[in-house]
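Asks: take a look and give me a structure for this.
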Amino acid sequence: VMINTAVSSTKTLFGAPKNVLIVIRSTIMYKDKTKTSAAADPIRELRNRLSVKGKESAFLNARLEYQDAAHALSQYIPWFSGKERVFPDMLPTQADGRWSISRPPMITINKEFRDRLVVPDEGTAWVCWDWDALYAKMAACYSSDKEDLAAFEKGYDIHTITACRMLGIELPPNLVAPHTSQECEEWRAKHKWTGKNDKRRDLAKVRYCLIFGKDERAVQGSAYEKDMLKMGFDRKVLLEAGKQFLRAKPGLVSCKRKWWDICAKACESRTILGRRRRLYGDWWKRAKEGWCHMLQGLEVDMLNLALIEITEHYPKCSLVYPSHDAAKVRLPSSDWNPATFDAIIRTFKKAVEKSWMLAGNSFLAKATWYLRYPNGAKEDF
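Replies: Purely as a prediction, here's the structure:
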């Protein structure tokens, strides 16, 4: 009832257009993927703990649905209804240096609906990038994981490799194109592998929980687990896959333990560029936040340096908004023509796709690129 009331009352209170209702519905319907507020987090965590044990609380479900609906009304409607443009507040004020984006909180809107709702102004285009497997590459460098480093360097399908390790399946003969190459036909037939969208390949996503978590139980209650459960995986399968991954990565396990201890004892953590974060709380809280900062803080450093370099070359550029390992940069369409396009893209890629050295190992920060136009069209390049 609260959900229906929240959506229907919006029409009355704000005269909201159809696209605003899309945001409200996506905020509510995709609440597992859309962060609501700090007040809801403890309740959601309690529900996750019950879910791990196979239990459910109708009271907690109702309370969270109310919270999601109320959050949509207070956080999204005032900034979208009746407006042709939005001006989000952006400040690098988070503890690890990440940018906070509010009024409206662009990052927390479900991506599918955000792309339909927010488009560039007429006469402009957005140059957008998203770094590929950034945390996995950083963790591989810190732990001197030669297998993963070689896979990234040679362009192997790291998700397929990781899924095979988790499931105890032998690796395909062609690691660059395991889903389409002829030499992998027998392997695909043997394991009934359906290609790039094989749901078992998505198991690899839980590695991001395991990079930061204490052990395989880090998967429990995570957003990745929720996605896997919706795809039909059993919790025991996910937990066993996490164990298999960590068994195959003893270097990562020992690396985390080393840096946990260093950060917890020092009560501070620094990125390789010197960004410092003070650490508080018990040993595990300091340890976990310290190790996370070494990776997430460096991600922020990389983003900031790239933005500075881009705007120095093209002063007409402006930041639309960043989102962790991705960003959107506005550029007037008048600067786009066949003669300048290649030069502009080279400048962007030179600023973004740099080689970085961590713990004696290097990685290339490759990215996925695309353009967004005022009509909503998206063009990969």
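Asks: can you give me the end-to-end span of stretch 136-156?
Replies: 13 Å (CA to CA, to the nearest Å).
Asks: nope, stretch 114-126 is what I meant
Replies: 14 Å.
Asks: please apply the same query to stretch 356-367.
Replies: End-to-end distance for stretch 356-367, by CA to CA: 14 Å.
Asks: buried stuff in that stretch?
Replies: Across stretch 356-367, burial judged by 16 or more other CB atoms under 10 Å covers Trp356, Leu358, Asn361, Phe363, Ala365, Lys366, Ala367. C-beta coordinates here come from the backbone N, C-alpha and C atoms, glycine included.
Asks: what do you get for stretch 282-289?
Replies: Arg286, Ala287, Lys288, Glu289.
Asks: per-residue confidence averaged over that stretch?
Replies: Taken as a whole, stretch 282-289 has an average pLDDT of 96.
Asks: over to stretch 140-147?
Replies: 95.
Asks: what residues sit buried inside that stretch?
Replies: Ala140, Cys141, Tyr142, Ser143, Asp145.
Asks: in CSV, list those along with distance to Lys378.
Replies: Below are the buried residues of stretch 140-147 laid out as CSV (distance: CB to CB, whole Å):
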residue, distance to Lys378
Ala140, 30
Cys141, 32
Tyr142, 34
Ser143, 36
Asp145, 34
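Asks: where do the helices sit along the stretch 251-381 of the chain?
Replies: Under the criterion DSSP state H, counting those that start in this stretch, the stretch 251-381 of the chain contains helices at 283-313, 341-352.
Asks: tell me how far Trp336 lies from Thr124.
Replies: Distance of Trp336 to Thr124, computed by CB to CB, to the nearest Å: 10 Å.
Asks: do the same with Arg200
Replies: From Arg200 to Thr124 the distance is 42 Å (CB to CB).
Asks: most packed of the helices of the stretch 251-381 of the chain?
Replies: helix 283-313 (a mean of 19; mean count of other CB atoms under 10 Å).
Asks: show me how far it is from its chain's centre.
Replies: Distance of helix 283-313 from its chain centroid, counting by CA atoms, centre = their mean, to the nearest Å, is 14 Å.
Asks: same question, stretch 279-288
Replies: 23 Å.
Asks: how about stretch 227-241?
Replies: Worked out by CA atoms, centre = their mean, stretch 227-241 lies 20 Å from the chain centre.
Asks: likewise stretch 355-367?
Replies: For stretch 355-367, the distance to the chain centre is 19 Å (CA atoms, centre = their mean).
Asks: contact partners of that stretch?
Replies: 129-132, 134, 137-138, 140-142, 144, 149, 152-153, 272, 298, 302, 349, 352-354 (CB atoms under 8 Å, 6 or more residues apart in numbering).
Asks: who are the contact partners of the nearest residue to Gln75 once chain neighbours are set aside?
Replies: Nearest residue to Gln75, sequence neighbours excluded (CB to CB, 6 or more residues apart in numbering): Pro105, at 6.1 Å. Shown in contact with Pro105 (CB under 8 Å, 6+ apart): Gln75, Tyr76, Pro88.
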